[in-house]
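1. Below: sequence and its predicted model.
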Amino acid sequence: MGNAVGHRAPGLALLGIAAIAVAIWGLADTPDLPSASVLGWGVVGIGLIVGLVLLVSGARRS
């Protein structure tokens, strides 16, 4: 396995928080989704943020 005792993956923690947020959003009331264009731009924005985080984290390790 490894020597990382107690080490948690930050990506897994973010995914868990997102899953809990979606569950609460669904249970709160009938969710109204925005238009497809808004969702598309949201996905583009999230992809941009993830890409920048990966670039910065890779540059830090080099």
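-> Cool, got the structure.
2. burial of Val22, as a residue count?
-> Using other Cβ atoms under 10 Å, the number of residues around Val22 comes to 11. C-beta: built from backbone N, CA, C; applies to glycine.
3. Likewise for the one 10 residues further on?
-> When counting by other Cβ under 10 Å, one arrives at 5 neighbours for Asp32.
4. go on, Ala21?
-> So Ala21, with other Cβ under 10 Å, has 10 neighbours.
5. helix/strand/coil for Trp25?
-> helix (DSSP: H, G, I helix; E, B strand; the rest coil).
6. ok, it to Ile17 distance?
-> 12 Å (Cβ to Cβ, to the nearest Å).
7. quick one, longest helix in this structure?
-> Scanning the chain for the longest helix, with DSSP state H as the assignment, gives helix 36-61.
8. could you say what helices and strands that one packs with?
-> Of the remaining helices and strands, none touches helix 36-61 by 3 or more Cβ pairs under 8 Å, 6 or more residues apart in numbering; DSSP states H and E.
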